[in-house]
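Chemist: pasting the structure only:
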């Protein structure tokens, strides 16, 4: 099954399952859970680019998601903008904020970069929480409009909103697939495998790290704007570092540095937590050990472990063929 997911047939199957999900969902609540999972999966795809492919662990990712959400909320609620122009500006503002922060932070390496971005994320949270005149503080932004109609098609039902979010996820996956399979994507992987080696090959480290960082925060900003229009209320909690750790968990479960991994983790983990609602008091007691066992026995995630097994199998087959010759 995992092998098919890496081919055109597998992607077509996943797309068909996404289109068919509203007909399989039992109620609107299931559509809401899946739509929310899709939104955070889009953000996780961006985080996976900078962490999994480029090797830079950005702990401010939820903060950039909040910048996109609050930009859209402020423009629509306080200034009367319609949804789609505000959505476009949300992505632009997130990139503009990320540009100087990335330029400064990416001069650091390893744990120092992660610690710096953790501080940046917390500063973003404090700015949102304390700047009452701009962000409405702890009260949050209420009454954010739903995504505006495109032509005669209005997104006024959970099913229509689901298909809108699904369309963004599909485009996000397609764009990310083009990036990671391009020369630029291979450059990111070279940087992940070793700064010194990449620099010896003539790769401009700062420029390419910054490009990966800005693409990553663009995914975060637009997913945040989509989230704001979907839930129609946001508070400073959206910038909390716990959301970054959630997205990190999605990558670890599915497979860091893979394209299918964030999809698998971002969709499966929220549903597992929903199923554990029946044992609310014990769900973390159950979920915690499961994660520990996964990290111990599948350290590269489900997809990453399978890819490693497939590579070893192919190498063994080539060695056997060479021996026969």
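Modeler: The structure has been received and is ready for your questions. Quick caveat, the model's predicted, so the values are computed rather than measured.
Chemist: drop to CA atoms for contacts and neighbour counts, all remaining ones
Modeler: Will do.
Chemist: Pull out the buried positions in stretch 162-179.
Modeler: Within stretch 162-179, the residues scored as buried using 16 or more other Cα atoms under 10 Å are 162-170, 172-173, 176, 179.
Chemist: in which helix or strand would I find residue 99?
Modeler: helix 83-105 (DSSP states H and E).
Chemist: Buried residues, that helix. List them.
Modeler: By neighbour count with 16+ other Cα under 10 Å, helix 83-105 contains the buried residues 83-84, 86-95, 98-99, 101-103, 105.
Chemist: ok, now stretch 267-280?
Modeler: So, applying 16+ other Cα under 10 Å, buried residues of stretch 267-280: 267, 268, 269, 270, 271, 276.
Chemist: distance between that stretch and the chain's centre?
Modeler: Centre-to-centre, stretch 267-280 and its host chain are 19 Å apart (Cα atoms, centre = their mean, to the nearest Å).
Chemist: Including distance to residue 74, secondary structure and pLDDT, could the buried residues of stretch 162-179 go into TSV?
Modeler: TSV is the format used below for those (distance: Cα to Cα, whole Å; DSSP: H, G, I helix; E, B strand; the rest coil; pLDDT from 0 to 100):
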residue	distance to residue 74	secondary structure	pLDDT
162	24	helix	92
163	25	helix	93
164	22	helix	93
165	21	helix	94
166	25	helix	95
167	25	helix	94
168	22	helix	95
169	24	helix	95
170	27	helix	94
172	25	helix	94
173	28	helix	93
176	29	helix	94
179	32	helix	94
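Chemist: Identify the farthest-apart pair in these.
Modeler: Across those, the longest distance by Cα to Cα is 25.6 Å; it joins 162 and 179.
Chemist: residues touching the spatially most central residue of the chain, list them.
Modeler: With distances taken as Cα atoms, centre = their mean, residue 44 lies nearest the centre of the chain, 1.5 Å away. Applying Cα atoms under 8 Å, 6 or more residues apart in numbering, we find residue 44 in contact with 220, 247, 248, 250, 251, 262, 266.
Chemist: ok, how many other residues are close to residue 52?
Modeler: Using other Cα atoms under 10 Å, residue 52 has 23 other residues around it.
Chemist: what about it, distance to residue 58?
Modeler: As judged by Cα to Cα, to the nearest Å, residue 52 and residue 58 stand 11 Å apart.
Chemist: same thing with residue 293?
Modeler: Per Cα to Cα, residue 293 is found 25 Å from residue 58.
Chemist: No further questions, thank you.
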